[in-house]
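**Q** Sharing a model prediction with you, sequence too.
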Amino acid sequence: MSTELFNLTGKTVLVTGSTHGLGMAMAKGLGKAGATIVVNGNSSQQKIDDAVKLYEREGIKAVGYKFNVTDERQVIDAVSKIQSKVGPIDILVNNAGIIKRTPLEKMEVADFKEVIDVDLVSPFIVSKHVVKTMMARKQGKIINICSMMSELGRNTVGAYAAAKGGLKMLTQNMATEWAKHNIQVNGIGPGYFATSQTAPIRVDGHPFNEFIVNRTPAAKWGDPDDLAGAAIFLASRASDFVNGHILYVDGGILATIGKPSNEN
Ligand code: GCO
């Protein structure tokens, strides 16, 4: 009974921004649990094709679709093509996101709006067009990828924090409106993970690198594969009565005030 709860065989999963990083790590976990992965990216068709090959090399069924998650017309076309060619989207993971690290007083308004557009508005756009079929089928799972910045501020990431804080509340409101249709909407809040997005603040000697290791009770940066279990849980029958919950996978950061750097 227990393993069946987490079995995603026969399910179709769309993971936005799944050609690399945390999106790919979560998608691989979902694929290894049996799901067919719809790979999305917006940079180049080649990057999507290469990513699909990576999934297939791990025995995962994957198909690629290039579309810009902030462009409602492209989202409508892509969702329609996916649902007619692959099948209804059972599970949506809104993972695509960007970050711009600039002090707020120096940030261009256009840059602020771009971060909000990608990180907050696009999960709304994609969910709005995927949920229609979920409502008709009276089943579905939506997982919004939040952040430590859904709960905490940090110097230079104000736009990102505003977006991810908003995404936490959007997750709770989606759950409020759609749970009655047997659609579970939840979030995953990754802590600090070793990805291309965090590479600039992980370089040896960068003060933030040491700070995070000290600030994290697990005393390390997360490995993207550490997110697979949370994704499988929130995508599977095991979470059928979980709604509006943000599951933090952060090595304990949010559990603690932290400690002096000279304390073990
Ligand atoms: C930063 C990091 C964070 C992490 C993650 C934390 O500059 O603070 O990029 O934003 O990537 O979002 O949950």
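**A** Cool, got the structure.
**Q** how close does the closest residue to Ser147 other than its chain neighbours sit to Ala218?
**A** Nearest residue to Ser147, sequence neighbours excluded (C-beta to C-beta, 6 or more residues apart in numbering): Lys164, at 4.0 Å. Quick note: C-beta positions are derived from backbone N, CA and C, even for glycine. According to C-beta to C-beta, to the nearest Å, Lys164 stands 21 Å off from Ala218.
**Q** Name the helix or strand for the residue nearest to Ser147, please.
**A** Assigned by DSSP states H and E, Lys164 falls within helix 158-178.
**Q** quick one: buried residues of that helix?
**A** Under the neighbour-count criterion of 16 or more other C-beta atoms under 10 Å, helix 158-178 has 158-168, 170-172, 174-175, 178 buried.
**Q** looking just at contacts, which helices and strands does the helix or strand following that helix meet?
**A** With elements assigned by DSSP H and E, the helix or strand that comes after helix 158-178 is strand 183-190. Using 3 or more C-beta pairs under 8 Å, 6 or more residues apart in numbering; DSSP states H and E, the elements in contact with strand 183-190 are helix 122-137, strand 140-145, helix 158-178, helix 228-235, strand 246-249.
**Q** of all these, which lies closest to Ala110?
**A** helix 158-178 (10.8 Å; C-beta to C-beta).
**Q** Show me what that closest one is packed up against.
**A** By 3+ C-beta pairs under 8 Å, 6+ apart, helix 158-178 packs against helix 109-116, helix 122-137, strand 140-145, strand 183-190.
**Q** Surely the residue nearest to Ser147 touches Gly153?
**A** No: judged on C-beta atoms under 8 Å, Lys164 makes no contact with Gly153 at a distance of 10.6 Å.
**Q** returning to what we had before: the buried residues of helix 158-178 also near the ligand: which ones?
**A** Tyr160 (C-beta under 6 Å from any ligand atom).
**Q** Low-confidence ranges, the chain, go.
**A** Counting by pLDDT under 70, the ranges of the chain that qualify are 1.
**Q** Provide a list of residues in contact with Ser147.
**A** Neighbouring residues of Ser147 by C-beta atoms under 8 Å, 6 or more residues apart in numbering: 160-161, 164, 167, 189-190.
**Q** The same query, at a cut-off of 7 Å, please.
**A** 164, 189-190 (C-beta atoms under 7 Å, 6 or more residues apart in numbering).
**Q** Which single one of the residues you listed is nearest to Gly222?
**A** Closest to Gly222, out of all of the contacts of Ser147 and judged by C-beta to C-beta, is Pro190, at 6.7 Å.
**Q** how many neighbours does the closest one have?
**A** Pro190 is flanked by 25 other residues according to other C-beta atoms under 10 Å.
**Q** next one: Ile145
**A** Count around Ile145 with other C-beta under 10 Å applied: 27.
**Q** Tell me if I'm right that it and Ala96 touch.
**A** No: Ile145 is beyond contact range of Ala96, at 8.5 Å (criterion: C-beta atoms under 7 Å).
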